[in-house]
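S.K.: Below is the sequence, then the predicted model.
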Amino acid sequence: MSGKPSLLVEEGENRVVWRLNRPDVRNAIDRSMVDALHEACAAAEAEPKIVLIVGEGATFAAGADIAQLRERGRDDALRGINSKIFDRIHKLPMPTIGLLDGYALGGGAELAYACDFRIGTPRTRLGNPETGLGILAAAGAAWRLAELVGEPLAKEILLAGRVLTAEEALSVHLLNEVVQPGDLLATGHLLADRIAAQAPLATRLMKAVFHAPRDAHPFVDDVAQAVLFETEEKHARMTAFLDRRNRKEGHR
Ligand code: COA
């Protein structure tokens, strides 16, 4: 094991950047990276922040680490090593943004699918080659990909090894945006700025309610709204809007 941390965490005021840091193996996700991601999640749960996930080098992540994967057995699979961490990331309180340069394959793609937003570059490639390795995409792709792009395309990717180019992924909105590699992080920060301009608690509850099961609606929406209706922030933001209008009308 090398002494280099497999995940670099750069804390900002309202956001945090997680940098997958195993560039020599195309940021393959090994156990140490999963452990580091759990630690980073714990911090982002305790103090909710927008999360930007980026890969060191010109790759997002080329999947789970195949050297470790080859040695895993039934009990490891049942532990859900990757499925649990991607689920935890999906459920983070504030929005997450995947910045996908180069390959996002296998577990790397599943990590990207778990994010709320994905921004790519012209060289982004997204796919799930798991069945080619004799396993299945068991860390979210089997159900999340169909939700994102629909069953027909999900099946091409999962059952027939189709790898999407950036242009193809953009055309089905699997990527929200495609920018040049040198602009990727700045574009992620611009999106984070837009999110950070909203009321943080409203954003958190909007995300949670969005993902609530169908049967929980509309009650869960009403309860979350009840919480927000009682906040000072709602009152202040609405008053600021009305005052601005009143001032404008006064100038007419
Ligand atoms: N697990 C472990 N090691 C990996 C890896 C993975 N998922 N993906 C890449 N690596 C390693 C390679 O073994 C190689 O190591 P080496 O330098 O010791 O030989 C190094 O990363 C560079 O990979 P290489 O294949 O030479 O780079 P490339 O730029 O030519 O190709 C990929 C990049 C991503 C297309 C190719 O590495 C690949 O297909 N990786 C596996 C993708 C996959 O099947 N993922 C699903 C896993 S479930």
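M.R.: Cool, the structure landed.

S.K.: Report the buried residues of the helix or strand bottoming out on mean pLDDT in the chain.
M.R.: Every helix and strand in the chain was compared by mean pLDDT, DSSP states H and E; the lowest is helix 232-251, with a mean of 91. Under the neighbour-count criterion of 16 or more other C-beta atoms under 10 Å, helix 232-251 has residue 234 buried. Yep, even glycine has a C-beta here, placed from its N, CA and C like the rest.

S.K.: Could you name the helices and strands sitting against that helix?
M.R.: helix 200-210 (3 or more C-beta pairs under 8 Å, 6 or more residues apart in numbering; DSSP states H and E).

S.K.: that older thread, what's in contact with the least confident helix or strand of the chain?
M.R.: Residues outside helix 232-251 that contact it (C-beta atoms under 8 Å, 6 or more residues apart in numbering): 199, 201-202, 228.

S.K.: In ChimeraX, select just the buried ones from the residues you listed.
M.R.: With 16+ other C-beta under 10 Å as the burial test, the buried ones among those are selected in ChimeraX as follows:
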select :201,202,228
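
S.K.: Serialize the contacts of helix 232-251 to a markdown table and add fields for pLDDT and distance to the ligand.
M.R.: Output for those, formatted as a markdown table (pLDDT from 0 to 100; distance: C-beta to the nearest ligand atom, whole Å):
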| residue | pLDDT | distance to the ligand |
| --- | --- | --- |
| 199 | 98 | 39 |
| 201 | 98 | 38 |
| 202 | 98 | 37 |
| 228 | 98 | 41 |
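
S.K.: just for this structure, where's the confidence low?
M.R.: Scanning the chain for pLDDT under 70 picks out 1-2, 252.

S.K.: Contact partners for the most centrally placed residue in it?
M.R.: When C-alpha atoms, centre = their mean is applied to the chain, the residue found nearest the centroid is residue 115 (1.5 Å). Residues counted as contacts of residue 115 (C-beta under 8 Å, 6+ apart) are 53, 89-90, 96-98.

S.K.: what do you get if the cut-off is 10 Å, keeping everything else the same?
M.R.: Residues near residue 115 by C-beta atoms under 10 Å, 6 or more residues apart in numbering: 51-53, 86, 89-90, 92, 95-100, 176.

S.K.: now do residue 11
M.R.: 17, 43-44, 47, 49.

S.K.: The ligand: which of those is nearest?
M.R.: Distance to the ligand across those (C-beta to the nearest ligand atom) is lowest for residue 17, with 22.4 Å.

S.K.: Residue 52 should be in a helix, yeah?
M.R.: No: counting by DSSP: H, G, I helix; E, B strand; the rest coil, residue 52 is not part of a helix but strand.

S.K.: Spell out which parts of the stretch 51-200 of the chain neighbour the ligand.
M.R.: 62-67, 103, 105-107, 129-130, 133 (C-beta under 6 Å from any ligand atom).

S.K.: which two in these are spaced the farthest apart?
M.R.: 67 and 103 (17.1 Å; C-beta to C-beta).

S.K.: Those two: who's more crowded?
M.R.: For residue 67 versus residue 103, the count of surrounding residues by other C-beta atoms under 10 Å is larger for residue 103: 23 against 10.

S.K.: Assess the claim that residue 122 and residue 182 are in contact.
M.R.: No: taking contacts as C-beta atoms under 10 Å, residue 122 lies outside contact range of residue 182: 11.6 Å.
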